[in-house]
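Enquirer: Provided below are the primary sequence and the corresponding predicted coordinates.
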Amino acid sequence: MASPTARRKLGIELKGLREAAGLNIEQAATAAGISDSHLSRIERGRVGVRPLTLKALLQSYGADAEITERLAKIAADTTKRGDRGWWQPYAASISDKYASLIAFESEAISIRAFGPMIVPGLLQTEDYARALLQRGPVRLKADEIDTRVEVRTSRQAILDQTDPPNLWFILDEGVIRRMVGGPEVMRRQLLHLADVAARSNVDLQVIPYTSGAHAGTLGPLVILGFVEGEDVVYCETYAGDLYPEAVASYGDVFNRLAQDALSADRSIEMLRSAAEGMK
């Protein structure tokens, strides 16, 4: 797969050069012989850019030789197969967009996630993850399950890195009541959630059943924030994994979910109480 992080870096730089040159999207796209929407996707890191298009854009922006050479190298990375991250050996076992999520997670300074039915992948214990995959929508062989569990738990290394991202998780109460893997597996999962929630860089809230209908009825979502550039939204569906354009609307949904949820302290109390009930 083409490197999503390289695409994103290139898009940020091209947008900065365009704005510094005083050109709007329409003017720059016309100069490069592409559509406005295509240039917009390039700047948001959704697609790579061809050498001739890049050359035309940089000429219209008045970029010097040093900038042109540097961005040409980045652009070349956007067409390479595979990211140079720890997940690259698993490329044949995971979807391109799942690999993109992992790449974005590795660069994000903030991650907000909503789980309406199951614990988000970054918080799953190995036994919980295995139980999910054994009963999931896709029939997997034992070795495929092993690989996916390994990938899922390896993703969690970002929680323990020197400068971890700020994490904010919101779970529907059904997530902590659904008996995945049996009482003991679920008890350990709930205690793990409570322990992670106690970290200084983590906020975890539970939306209780008593809140009734809420804004998260469309399904799970992850919003990733970065030092530079726009947020990225990841949504997992049966049809595939999507990166919606309407990032702001998803941020609004997440904020509305937070308003319906219990406080972080009360959420931890609920988690520990539910774990106690699993004995």
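Expert: Noted; the coordinates are in hand.
Enquirer: for the chain, what are the low-confidence residue spans?
Expert: The chain contains residues with pLDDT under 70 at 1-3, 78-84, 237-245.
Enquirer: what do you get if the cut-off is 50, keeping everything else the same?
Expert: Counting by pLDDT under 50, the chain shows low-confidence ranges at 1, 81-83.
Enquirer: Got the domain ranges for it?
Expert: With domains defined by automatic domain parsing, the chain comprises 4-77, 88-276.
Enquirer: For the shortest one, what is the distance to the chain centroid?
Expert: Just to be clear, that refers to domain 4-77. Computed by C-alpha atoms, centre = their mean, to the nearest Å, the chain-centroid distance of domain 4-77 equals 24 Å.
Enquirer: which residues sit in contact with residue 128?
Expert: 119, 180, 181, 185, 186, 188, 189 (C-beta atoms under 8 Å, 6 or more residues apart in numbering). C-beta: built from backbone N, CA, C; applies to glycine.
Enquirer: does it sit in a helix or strand, and which one?
Expert: Assigned by DSSP states H and E, residue 128 belongs to helix 126-134.
Enquirer: Pull out the buried positions in that helix.
Expert: Buried residues in helix 126-134, counted by 16 or more other C-beta atoms under 10 Å: 127, 128, 129, 130, 131, 132, 133.
Enquirer: Likewise for stretch 92-112?
Expert: For stretch 92-112, burial by neighbour count (16+ other C-beta under 10 Å) applies to 93-94, 97-108, 111-112.
Enquirer: Tell me which stretches of the stretch 101-250 of the chain form strands.
Expert: For the stretch 101-250 of the chain, applying DSSP state E, counting those that start in this stretch gives strands covering 110-115, 166-172, 202-207, 221-225, 232-236, 241-242.
Enquirer: which other helices and strands contact the third one?
Expert: When contacts are defined as 3 or more C-beta pairs under 8 Å, 6 or more residues apart in numbering; DSSP states H and E, strand 202-207 packs onto strand 166-172, helix 173-177, helix 183-197, helix 247-260, helix 264-276.
Enquirer: Tell me which of those is the most buried.
Expert: Comparing the helices and strands packed on strand 202-207 by mean neighbour count (mean count of other C-beta atoms under 10 Å), strand 166-172 ranks first with a mean of 23.
Enquirer: what's that one in contact with?
Expert: Applying C-beta under 8 Å, 6+ apart, the contact partners of strand 166-172 are 109-117, 119-120, 122-123, 159, 193, 197, 201-207, 214, 216, 254, 257-258, 261, 267.
Enquirer: What pairs with that strand, parallel or antiparallel?
Expert: Partner strands for strand 166-172, per DSSP bridges, with pairing direction: strand 110-115 (parallel), strand 202-207 (parallel).
Enquirer: That one to helix 264-276, inter-axis angle?
Expert: Strand 166-172 runs at 60 degrees relative to helix 264-276, counting by axes from the mean of the first three to the mean of the last three C-alpha atoms, to 10 degrees.
Enquirer: just how off-centre is strand 166-172 within its chain?
Expert: The answer for strand 166-172 is 13 Å, by C-alpha atoms, centre = their mean.
Enquirer: With adjacent residues omitted, what lies nearest to residue 31?
Expert: residue 60 (3.9 Å; C-beta to C-beta, 6 or more residues apart in numbering).
Enquirer: hang on, the one you found packs against residue 33?
Expert: No - under the criterion of C-beta atoms under 8 Å, residue 60 makes no contact with residue 33, lying 10.5 Å away.
Enquirer: Have a look at these two and say which one is more surrounded.
Expert: residue 60 (18 against 10; other C-beta atoms under 10 Å).
Enquirer: how about the more buried one, what does it touch?
Expert: So residue 60 contacts 21, 23, 27, 28, 31, 32 (C-beta under 8 Å, 6+ apart).
Enquirer: Swap in 10 Å and give it another go.
Expert: Counting by C-beta atoms under 10 Å, 6 or more residues apart in numbering, residue 60 touches 17, 18, 21, 23, 27, 28, 29, 30, 31, 32.
Enquirer: tell me which residues of the host helix or strand of it are tucked away?
Expert: Assigned by DSSP H and E, residue 60 belongs to helix 51-61. Neighbour counts over helix 51-61 (16+ other C-beta under 10 Å) mark 53, 54, 55, 56, 57, 58, 60, 61 as buried.
Enquirer: Alright, calling it a day.
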